[in-house]
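Colleague: Dropping a prediction and its sequence here:
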Amino acid sequence: MSGFVEKPEPIQVPGLVHLHTGKVRELYRNEAGDLVMVASDRISAYDWVLPTEIPDKGRILTQLSLWWFERLADLAPNHVLSTDLPEGAPADWAGRTLICKSLQMVPVECVARGYLTGSGLAEYKETRTVCGLALPEGLTDGSELPAPIFTPATKAAVGEHDENVSYEEVARQVGADTAARLRQATLAVYSRGRDIARERGIILADTKFEFGFDGDELVLADEVLTADSSRFWPADQWQPGRAQPSYDKQFVRDWLTSPESGWDRGSEQPPPALPQQVVDATRAKYVEAYERLTGTSWS
């Protein structure tokens, strides 16, 4: 069992129809038929959406995505129509709300990896492959790959794992032409993001994107190159052969699996609330990633 420890009640706004509560985002449709995405401060770990929020997290993710969308526009159009606050929306939605094109979403998590870690490392240890792609011998946790690879996954419901799949399976599900376009766009966007991050002293180890179609046009959707959808590592601390320090929710994961939390990950019990020091440390990492990447101060 997993999912929400405490599932929130969506805020009702005149003129907006609530469509979905995700791990982080609330999704609405406005009277024009556009999607309204509101990023909350919720945080998830180990397939649970935790009862404790991280202050400013939703705004940081939204503003960082907007910063990246500008720098990726020549590679892939995106779904953002406006950042204006919908009429009647609560003031707290400011800075965390995007009005977006309604797309025909592709049911694939488009993952790009430039370094070996996480589920890719686990598969590599068993088969010397990731999503069926053969990799050289001798790689270890944190190793840079000879070239970035496209390692797609199926999209899972809240509380369930995304499952890595082969490129051939993606082609079977969505068609060979769409699969090829997804792979090309994913690797192009990842490579641009990797190069920009590297200039700022950050390694973009891997990331995931979502795409949808606006007619025949493939459009980049959801969030992009944030600490929720990517592994960012400080370049000056990179050391293959061990777990890397990162700009994400590692403080949360570490605390949940520590004796201090008292939580058994293998049980069906929901995880406990986070202590303030874990909340503060996690928020600081999100802020630091935003500031290092954008070169601007978070306020």
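Modeller: Received it, and whenever you're ready, just let me know what you need.
Colleague: Within its sheet, name the partner strands of the host helix or strand of residue 208 and how each one runs.
Modeller: Assessed by DSSP states H and E, residue 208 sits inside strand 202-214. With DSSP bridges as the test, strand 202-214 is paired with strand 104-105 (antiparallel), strand 108-115 (antiparallel), strand 217-221 (antiparallel), strand 230-234 (antiparallel).
Colleague: Is it possible to get CSV of the ones you listed that adds mean pLDDT and distance to residue 123?
Modeller: C-betas here are computed from N, CA, C, even on glycine. Formatted as CSV, those follow (pLDDT from 0 to 100; distance: least, CB to CB, whole Å):
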stretch, mean pLDDT, distance to residue 123
strand 104-105, 96, 26
strand 108-115, 97, 11
strand 217-221, 97, 27
strand 230-234, 95, 16
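Colleague: among these, which is nearest residue 87?
Modeller: Residue 87 sits nearest to strand 217-221 of all these, at 24.0 Å, using CB to CB.
Colleague: Next, the buried residues of that closest one.
Modeller: Residues of strand 217-221 classed as buried: 218-221 (neighbour count, 16 or more other CB atoms under 10 Å).
Colleague: now stretch 98-109
Modeller: Neighbour-count burial for stretch 98-109, counted by 16+ other CB under 10 Å, picks out 98-101, 103, 106, 108-109.
Colleague: Sketch out the helices for the stretch 101-250 of the chain, chain order is fine.
Modeller: For the stretch 101-250 of the chain, the helices defined by DSSP state H, counting those that start in this stretch cover 118-127, 167-174, 176-199, 250-256.
Colleague: For the ones you listed, give me JSON lines that also has distance to residue 295.
Modeller: Compiled in JSON lines, these are given as follows (distance: least, CB to CB, whole Å):
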{"stretch": "helix 118-127", "distance to residue 295": "28"}
{"stretch": "helix 167-174", "distance to residue 295": "36"}
{"stretch": "helix 176-199", "distance to residue 295": "10"}
{"stretch": "helix 250-256", "distance to residue 295": "24"}
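Colleague: Save these as CSV, and put in mean neighbour count and distance to residue 26 too.
Modeller: Below are the helices of the stretch 101-250 of the chain laid out as CSV (neighbours: other CB atoms under 10 Å; distance: least, CB to CB, whole Å):
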stretch, mean neighbour count, distance to residue 26
helix 118-127, 16, 27
helix 167-174, 17, 27
helix 176-199, 18, 25
helix 250-256, 19, 21
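Colleague: Turn the buried residues of stretch 98-109 into a markdown table, including distance to residue 273.
Modeller: Output for the buried residues of stretch 98-109, formatted as a markdown table (distance: CB to CB, whole Å):
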| residue | distance to residue 273 |
| --- | --- |
| 98 | 29 |
| 99 | 33 |
| 100 | 32 |
| 101 | 37 |
| 103 | 36 |
| 106 | 36 |
| 108 | 34 |
| 109 | 29 |
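Colleague: out of these, who's nearest residue 268?
Modeller: Relative to residue 268, the closest of the buried residues of stretch 98-109 is residue 109; by CB to CB it sits at 25.7 Å.
Colleague: Without its sequence neighbours, what residue ends up closest to that closest one?
Modeller: Nearest residue to residue 109, sequence neighbours excluded (CB to CB, 6 or more residues apart in numbering): residue 153, at 4.1 Å.
Colleague: Of the strands paired with strand 202-214, which is nearest residue 246?
Modeller: Among the strands paired with strand 202-214, strand 230-234 sits nearest to residue 246 (CB to CB), with 5.4 Å.
Colleague: related to what we said a few turns ago, any idea which of the helices of the stretch 101-250 of the chain scores lowest on pLDDT?
Modeller: Within these, confidence is poorest for helix 250-256, with a mean of 89 (mean pLDDT).
Colleague: distance between that helix and the chain's centre?
Modeller: Its chain's C-alpha centre and that of helix 250-256 lie 17 Å apart, by CA atoms, centre = their mean, to the nearest Å.
Colleague: quick one, the following helix or strand past it and strand 230-234 angle?
Modeller: Sequence-wise, the next helix or strand downstream of helix 250-256 (DSSP H and E) is helix 276-294. Here the directions of helix 276-294 and strand 230-234 differ by 90 degrees (axes from the mean of the first three to the mean of the last three CA atoms, to 10 degrees).
Colleague: what comes into contact with helix 276-294?
Modeller: Helix 276-294 is contacted from outside by 43, 52, 54-57, 60-61, 63-64, 67, 196-197, 200-202, 227, 232, 246-252, 255, 274, 297-298, using CB atoms under 8 Å, 6 or more residues apart in numbering.
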